[in-house]
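K.L.:
Have a look at this prediction, sequence included:
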Amino acid sequence: MSLQTLNDVFFAVADRDDRVVMMYRQPIQWVSISSQEFYRNVLGVARALLQWGISKGDRVAILSENRPEWPIADFACLLIGAVTVPIYSTLTGEQTAYLLRDSGTRVIFTSTEHQLQKVQGIRDQTPLEHVVVMDGVETAHASHMGRLMQSHPVNDGPAERDSELESQARAVGPNDLATIIYTSGTTGTPKGAMLTHGNMASNINYSLGGFGFRGGEISISFLPLSHVTARHVDLAMLYYGVTLAYVPFVHQLPQALQEVRPTIFVGVPRVYEKVHTQVDLKAKGFPKGWIYRWALSVGRANRPETLAGRLPASLPWRIAHRLVFSKVRAGMGDRAQLFISGGAPLGRELAQWFADVGIRIHEGYGLTETSPVIAVNTPQAHKLGTVGKPLPNIDVRIADDGEVLVRGPSVFKGYWNRPEETQNAFTGEWFKTGDIGNIDKDGFLSITDRKKDLIKTSGGKFIAPQPLENSLKHHALIAEAVVFGDKRKFPAALICPYFPLLEDWARTHGVAFSSRQELVADPTVRALYEGIVADFNQNLARFEQLKKVILVADEFSAENGTLTHSMKLKRRVVEDRYKREIEEMYVAAEAVSRSD
């Protein structure tokens with residue numbers, strides 16, 4: 001049956017025969033939560049919200065890492081018609097206070113003592129009336145979520161159904177507001193995208209239906225649920241009967257992969273990049289390096305079969321799989337058959353590398369404002385280098401300037417309390433994605449870059465930086481790359497090295513250093529990266545070629561503000577942070593040009 005609201009997802013879970021729907025790790029083992037236990041927990045929290053006077057349209061925030069209490073709090077809000085406001089657990093107190101004020105949030109669910117203290121520090125700056133903590137923290141300032149969940153009696157057998165609350169939940173309609181999701185804010189102040197039940201339900205109906213998910217499969221939930229992609233995927237998994245294993249922190253992922261051994265792997269490009277980098281790092285020396293390069297050449301020759309979803313049958317491929325490819329899969333739990341990527345562009349070279357080791361990644365594309373999926377590669381329709389075909393229930397067209405425009409039931413209502421910005425987000429009935437793309441003759445959508453990120457050199461040439469950056473990052477010695485040069489005579493690159501590998505290279509080549517700052521300033525190291533970029537330039541048009549390289553000793557992260565909390569580059573922040581270095585580089589280049 002087609003979903004009408006997100007509450008239909010809840011009822012689909014509750015109606016299953018006491019099946020394991022969630023897992024979480026305690027110190028010594030993984031603990032399962034059945035569908036009936038989940039039902040009881042959600043109803044207990046929903047009743048507490050009603051007792052506090054929370055009603056339809058009221059905003060309730062969730063400030064937590066991924067754990068079962070996250071969707072329990074979410075569904076408790078949705079059942080009574082309240083509006084969920086997800087907040088990244090990595091935000092500062094000041095940032096959190098802004099979102100709570102802007103949304104007018106009355107209740108907040110916090111995960112740990114650390115998050116509780118953050119909220120306590122800014123509570124008097126917000127309209128908060130109630131605070132809930134998920135951990136068993138001794139405090140007089142918050143309600144314990146465990147007690148709220150256990151307020152509904154637990155008996156052996158099926159949970160007693162609450163007809164009154166269920167009736168209230170079924171009265172929530174597709175046009176009712178379900179959530180306000182604040183955009184990551186690559187520039188400017190975060191904006192709250194208003195998504196209705198119908199927006200998100202319609203997207204779940206069409207986004208992942210072609211993947212054949214079924215009960216008994218397992219997926220690890222580690223991407224922040226505050227991000228629309230992770231929340232959408234988890235809701236879809238629950239609807240299709242997939243068991244979710246929650247991992248609060250990404251550094252716990254490798255261990256969880258070995259213990260849970262998921263059958264489905266959903267990640268963002270940054271996670272896939274780390275897998276590739278680690279494999280490259282381990283494949284050093286003789287004979288490992290030789291075997292690895294040989295295996296990749298075999299995989300490359302069999303790439304069409306992998307991308308078609310067939311297991312190559314040649315003897316060389318079977319040997320390469322046994323020696324190399326199986327090790328890559330083992331690091332990812334060795335049982336996953338479906339691999340999905342979203343949240344940011346995957347990059348063609350990275351997708352090719354995974355295909356060459358026998359893993360077909362289904363890349364999708366969307367935005368918070370589109371609930372989120374616009375297009376996705378599926379097992380039935382897959383083309384490398386694209387983000388797949390648009391979903392059948394939405395329309396996509398390319399504007400005269402190349403911008404991707406979208407309309408359909410999953411497009412948001414607008415930005416919370418921002419009517420002018422809402423109006424500017426549309427041209428007629430079409431939502432302006434801000435992305436540049438094209439649709440090929442087979443109907444596959446490709447995204448070139450963000451419209452606002454396009455570089456126009458002083459010579460009038462347009463350069464899309466994102467594909468160049470993704471290609472550069474595919475090199476094992478490069479962790480991050482930023483291409484810049486807007487209104488300049490030529491483009492250049494700012495590069496953050498992959499320091500574990502660079503430090504090994506420096507020791508091997510006799511380069512002395514006592515800090516990363518010394519390392520990136522060393523002439524030999526600079527020559528190394530200039531050589532990497534020179535080789536890279538061979539495949540570019542003359543106007544695209546990167547004429548200069550700036551090496552930096554910093555790592556990019558959400559904590560230092562260079563990445564969003566969904567791991568996308570904050571280009572303007574990076575360019576501003578290194579403004580002096582960039583200006584000095586162009587001044588020096590201009591001086592050399594004059595002297596010539």
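P.N.:
Structure received.
K.L.:
Which residue lies nearest the spatial centre of this structure?
P.N.:
The centre of the chain sits closest to Gly343, judged by Cα atoms, centre = their mean, with a distance of 4.0 Å.
K.L.:
Any stretches of the stretch 1-150 of the chain with poor pLDDT?
P.N.:
Applying pLDDT under 70 to the stretch 1-150 of the chain picks out residues 1.
K.L.:
Now do the strands in it.
P.N.:
20-25, 30-34, 59-63, 83-87, 107-110, 130-133, 143-144 (DSSP state E, counting those that start in this stretch).
K.L.:
so which of these comes closest to Ser221?
P.N.:
strand 20-25 (8.6 Å; Cβ to Cβ). For every residue, glycine as well, the C-beta is placed using N, CA and C.
K.L.:
Pull the residues that contact the closest one.
P.N.:
Under the contact criterion Cβ atoms under 8 Å, 6 or more residues apart in numbering, strand 20-25 has outside partners 13, 30-35, 38, 67-68, 71, 218, 238, 243-247, 252, 256, 259-260.
K.L.:
how big is the angle separating it from strand 30-34?
P.N.:
150 degrees (axes from the mean of the first three to the mean of the last three Cα atoms, to 10 degrees).
K.L.:
From Tyr239, how far off is Gly216?
P.N.:
Applying Cβ to Cβ, to the nearest Å, one obtains 15 Å for the distance of Gly216 from Tyr239.
K.L.:
Parallel or antiparallel, which strands does the lengthiest strand in the chain pair with?
P.N.:
Looking across the chain with DSSP state E, the single longest strand is strand 430-439. When pairing is defined by DSSP bridges, strand 430-439 lines up against strand 403-407 (antiparallel), strand 426-427 (antiparallel), strand 445-450 (antiparallel).
K.L.:
Name the residues of the last one that are buried.
P.N.:
By that I understand strand 445-450. Judged by neighbour count (16 or more other Cβ atoms under 10 Å), strand 445-450 contains these buried residues: 445-450.
K.L.:
Columns pLDDT and distance to Asp334 on top of those residues, output as TSV?
P.N.:
As requested, the buried residues of strand 445-450 are arranged in TSV below (pLDDT from 0 to 100; distance: Cβ to Cβ, whole Å):
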residue	pLDDT	distance to Asp334
Leu445	97	32
Ser446	96	32
Ile447	94	32
Thr448	89	36
Asp449	89	36
Arg450	89	36
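K.L.:
ok, back up a step: for the longest strand of the chain, list the C-alpha coordinates in PDB.
P.N.:
What follows is strand 430-439, C-alpha atoms only, in PDB (Å, rounded to 0.1, in the frame of the first residue of the first chain):
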ATOM      1  CA  TRP A 430       9.600  24.800 -10.300                       C
ATOM      2  CA  PHE A 431      12.000  24.600  -7.400                       C
ATOM      3  CA  LYS A 432      15.500  25.900  -8.300                       C
ATOM      4  CA  THR A 433      18.000  23.300  -7.000                       C
ATOM      5  CA  GLY A 434      21.100  25.500  -7.400                       C
ATOM      6  CA  ASP A 435      22.800  22.700  -9.200                       C
ATOM      7  CA  ILE A 436      24.100  22.600 -12.800                       C
ATOM      8  CA  GLY A 437      23.300  19.400 -14.700                       C
ATOM      9  CA  ASN A 438      22.100  17.700 -17.800                       C
ATOM     10  CA  ILE A 439      19.900  14.800 -18.800                       C
END
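K.L.:
quick one on the thing from earlier: closest one of the buried residues of strand 445-450 to Pro316?
P.N.:
Nearest to Pro316, judged by Cβ to Cβ, of the buried residues of strand 445-450 is Ser446 at 31.9 Å.
K.L.:
thought the closest one was touching Lys389?
P.N.:
No: contact criterion Cβ atoms under 8 Å: Ser446 and Lys389 do not qualify, at 11.2 Å.
K.L.:
now Thr518: how far from Arg577?
P.N.:
Actually, residue 518 is Glu rather than Thr. 20 Å.
K.L.:
before we move on, what about Leu177?
P.N.:
Separation of Leu177 from Arg577 (Cβ to Cβ): 37 Å.
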